[in-house]
Each structure stands twice: as structure tokens, then as C-alpha cells.
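Asker: the following comprises the amino acid sequence and a computationally predicted model.
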Amino acid sequence: MNDDTPIEISGAGPAGLAAALAVTAAGRPARVYEKRAEVGWRFHGDFQGLENWTTREDVLEELAALGVEAGFEHTPVRELVVFDPEGRARRLHSRQPLFYLVRRGGEKGTVDDALKRQALAAGVEIRFQTPVRRFPNGGIVTEGPHRADAIAAGYLFDTGMADGIYAAVSDRLACKGYAYLLVNRGRGTLATCLFDDFHNERDYLERCVDFFERQVGVRMDNPRRFGGSGNFGLPRTARKGDILYAGEAAGFQDPLFGFGIRWAVLSGAAAGRALAQGDPAAYERFWKRRLRAWHETAATNRWFYERLGERGYRAMLRRFPDGADVRDWVQRAYAPRWWKRAWYRLLAARRHRPLLDPHAGCDCTWCRCRRETA
Ligand SMILES: Cc1cc2nc3c(=O)[nH]c(=O)nc-3n(C[C@H](O)[C@H](O)[C@H](O)COP(=O)(O)OP(=O)(O)OC[C@H]3O[C@@H](n4cnc5c(N)ncnc54)[C@H](O)[C@@H]3O)c2cc1C
């Protein structure tokens, strides 16, 4: 390909748009194909967290160094309340933001809309309603999830409640996952994030609404249901010749709690840079250096988390030292350790859930493992 031939990218999510920005920054034209009519189709204005705990460096600085501007609404979160299964609250603090509260979807102010605007301003061509099947001349695949390893089901709503960030750990509210309530400037998102037992998602959600009504008096005006799924998994390779896979399409997403935006942008930008420089192998080197150890550690953390049960969640929260910085604590848990990586490899060799196809043999309707019920 000569330098005037656009580098093609399928999917206008954070990974695809970050890839396109990296391509144009390297002086090559970029063309993004998006199968929907707008960006952010998976989301509906719901709040998500842009995690800021896996590195000492602030995530916004890391994105800026990649040429990705924080032109989206982002509220730093330094305080949150976490409930144990009995409803006992721990109020946790951090000096630096633990994460940034952001919105997703096609509306102004969302991550998706801001990245789209930045990409268009940089000269990226975006072709909407144009699904891609193949890239005969190479390209970047950033098409999002292809199966459901975790699901979230919840409500978006308007509210007169004060701002607050709440989470709850209990298998009654969110099987092997967590429930959350995020309120900011009159908008709210309440959801259960399940890593198992997807069939009973409605019951979990009802219990979550009831729980947050009792614990914090949540009031939901104009509630709208939403849901979504995500996948994670470490690929053997994220490259087939000149085709590179990035973001959730490659499985790059935090397997412990399902935070994928940061890894989508990082991997997308690296894929774009590598193809623009005519060195696709550089992308393999990048993700193996920057993402693999974190993924293996977080997957091992998940394996242990799934075994905690109600008593374990309670003990975990009780063990959190009074006055400790929650960001430091989470950062230590996510920091790659040799024994966690060794544990991961052992589990992967034994094909243990959730590291490899957790839904093998499943008839779950959420599951995209091609075994859905008719
Ligand atoms: C309910 C929910 C809550 C979440 N909460 C958080 C959170 O708090 N923090 C966090 O970090 N992450 C969160 N995530 C995960 C995060 O949203 C994703 O990891 C992230 O959006 C992945 O970005 P991506 O660019 O890889 O994929 P996507 O954002 O899915 O974008 C993929 C794009 O590709 C398009 N596409 C698909 N197939 C084709 C095709 N054949 N041709 C052209 N276009 C195609 C899709 O329409 C879509 O626009 C959440 C996910 C869900 C579902």
C-alpha cells in the first residue's frame, strides 16, 4: 500500500477511533467503517468508569500522550461507598481519582461522540451503516465483543438525589460480579453486573433496585432499561498477517471487573501506529509488553474473587484498613505478580473458566458462543 491509501478500520468505538487518530497522527489517511448509523450504539447515555488505578500515571495523561483528547465529560471520583452482603457500608477514599465518571452513547458529551468529533476534525473518514466482512488488503478490526463473558442490566434515570458513587458486592445482587449506583448532576445509572447466572438477570436487577432504595433512598424518575454484554480473553495473537485486532474484538478488557475503555484506546492507538508505520509486528510486541501481564493478573484475581462468596466479600471489605487510600489498594491488587501470572498459566493450561470460553455447553440466550437456544 502506498502512503495515500487509507488504512481501513472496522468499528467506530473507542478502539477504532483511537486507531484512526493514531493513523492520521502518523501522516496516513484513515477510513473507519461503522455498521450502525451513529457511534455509541451499544450505550444509551449510561455512566461508566474510565479506570485510573492500573498505573501511577493518570489515565488522562496517558491518553493525551497518545493524541486522544479528554473532550468528553469526565468527573473525577475520589470517594465511593461499598456495601457488603449485609448492607454494611464502607466509605472509601483516594487522593488521586480512582476513576473518571464518563458517559457512553451517541449524545454530546459522551466518550464516543467526543472521539468521533476529534477524529473528524483530524480528517478521518467515517462511513456509517457500512458493516465490514473482510479486509483483503489488511486493516484493523475493532468491532467490539463477540460473546458474553459478563453482562450488565440496569436502569438509566433522572433524579433529584445528591451525587454519589455506590457499589455492592453480594451474589444475591450480582452473581460473581458487583452492583452499582452512579448519580451525577441529576442523572443516574443503576445496574447489576453479572459474571454468571445470566438467565436470572431480571431478579438480580429487582433486588438491586430494592437494595439501593433501602440503603441510600434512590429515587428513579423516568427509568429506562438498558443492558449489554462484554467479553475478555487473552488472544494467542492479535494479528493475522496485516490484519490487527484491538479493543474488545481482541478480548482486551479487564477480566476482574470489566473495565474496557482504557485498554480499547491503548490497543487501538498502538494498532493504528503500527500499521501506519508499516510494522504490524510492533503491535504484537506492544500488547504483550503493555497489556498481557495486567490481563493475566486480573484474570487470576477473578478466579479468586469468584470463590469468595458472601463471607469472603464481607471479610475482604472488613480487612480494608481504615483511612487507607483505595486507589493504592486496588493498584496493588492489579499490579502484575509472578505468582499470579504463573497461576493464570496453570488455569489456562487446564482450560479453566473464566479464562477460556466460559459458556462452552451453555444454552444461555445472552451467550454469543453460537449455542443460543432457538
Ligand atoms: C453495560 C456496560 C457497562 C460497561 N461499563 C464499563 C465501565 O464502567 N468502564 C469501562 O472501562 N468499560 C466498561 N464497559 C466496557 C466498555 O464499554 C468496552 O470495553 C469498550 O466500549 C470497548 O471498546 P471497543 O472500541 O473495543 O468496542 P465497542 O465500543 O463495542 O465498539 C465497536 C464498534 O464496532 C461496530 N461494529 C461491530 N461490528 C462491525 C462490523 N462488522 N463492521 C463495522 N462496524 C462494526 C459496533 O457498531 C461498535 O460501534 C462496559 C460495557 C457494558 C456493555
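Answerer: Ah, there it is. Numbers count the residues shown, from 1 in each chain.
Asker: Pro235 and the ligand: what is the separation?
Answerer: Separation of Pro235 from the ligand (C-beta to the nearest ligand atom, to the nearest Å) stands at 13 Å. From N, CA and C alone the C-beta is placed, and that goes for glycine too.
Asker: what sits against Gln331?
Answerer: Contacts for Gln331 (C-beta atoms under 8 Å, 6 or more residues apart in numbering) come out as Trp53, Thr54, Arg56.
Asker: repeat that for 10 Å
Answerer: Contact analysis of Gln331 by C-beta atoms under 10 Å, 6 or more residues apart in numbering lists Asn52, Trp53, Thr54, Thr55, Arg56, Ser94, Gln96, Leu98, Asp325.
Asker: ok, of the residues you listed, which come out buried?
Answerer: Asn52, Trp53, Thr54, Thr55, Ser94, Leu98, Asp325 (16 or more other C-beta atoms under 10 Å).
Asker: please save the CA atoms from the stretch of helix or strand Arg302 belongs to in CSV.
Answerer: Arg302 belongs to helix 292-305 when elements are defined using DSSP states H and E. Presented in CSV, the C-alpha positions along helix 292-305 are these (Å, rounded to 0.1, in the frame of the first residue of the first chain):
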residue,chain,number,x,y,z
ARG,A,292,-0.5,-9.2,28.9
ALA,A,293,0.8,-9.1,32.5
TRP,A,294,-2.1,-7.0,33.6
HIS,A,295,-4.6,-9.2,31.9
GLU,A,296,-3.1,-12.4,33.4
THR,A,297,-3.1,-10.8,36.9
ALA,A,298,-6.7,-9.6,36.6
ALA,A,299,-7.9,-12.9,35.4
THR,A,300,-6.2,-14.6,38.3
ASN,A,301,-7.8,-12.1,40.6
ARG,A,302,-11.2,-13.0,39.1
TRP,A,303,-10.6,-16.7,39.7
PHE,A,304,-10.1,-15.9,43.4
TYR,A,305,-12.9,-13.4,43.5
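Asker: how many residues are close by Gln129?
Answerer: Applying other C-beta atoms under 10 Å, we find 10 residues neighbouring Gln129.
Asker: what pLDDT does it get?
Answerer: Note on Gln129: pLDDT of 97.
Asker: same check on the one 3 residues further on?
Answerer: pLDDT, Val132: 90.
Asker: returning to what we had before: return the set of buried residues in the helix holding Arg302.
Answerer: 292-303, 305.
Asker: same question, stretch 64-78
Answerer: Quick answer for stretch 64-78 (16+ other C-beta under 10 Å): Leu66, Gly67, Val68, Ala70, Phe72, Glu73, His74, Thr75, Val77, Arg78.
Asker: that stretch: how far from the chain's middle?
Answerer: 15 Å (C-alpha atoms, centre = their mean, to the nearest Å).
Asker: do any residues in it lie close to the ligand?
Answerer: No: applying C-beta under 6 Å from any ligand atom, one finds stretch 64-78 separated from the ligand by no less than 10.9 Å.
Asker: quote the end-to-end distance of that stretch.
Answerer: 21 Å (C-alpha to C-alpha, to the nearest Å).
Asker: returning to what we had before: now the contacts of Gln331 as CSV including pLDDT?
Answerer: Below are the contacts of Gln331 laid out as CSV (pLDDT from 0 to 100):
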residue, pLDDT
Asn52, 98
Trp53, 97
Thr54, 95
Thr55, 95
Arg56, 94
Ser94, 97
Gln96, 98
Leu98, 98
Asp325, 96
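Asker: flag every buried residue along stretch 196-203.
Answerer: Buried, per 16+ other C-beta under 10 Å, within stretch 196-203: Asp196, Asp197, Phe198, Glu201.
Asker: touching, the third one and Leu205? I think so.
Answerer: No: checked against C-beta atoms under 10 Å, the pair Phe198 and Leu205 is beyond contact range at 11.8 Å.
Asker: which residues are common contacts for the two?
Answerer: With C-beta under 10 Å, 6+ apart, Phe198 and Leu205 have common neighbours Ala153.
Asker: all helices of the stretch 51-200 of the chain, in order?
Answerer: 59-65, 111-121 (DSSP state H, counting those that start in this stretch).
Asker: out of those, which is the most enclosed?
Answerer: Each of these was scored by mean neighbour count; the highest is helix 111-121, a mean of 21, by mean count of other C-beta atoms under 10 Å.
Asker: off-centre distance for that helix?
Answerer: Worked out by C-alpha atoms, centre = their mean, helix 111-121 lies 19 Å from the chain centre.
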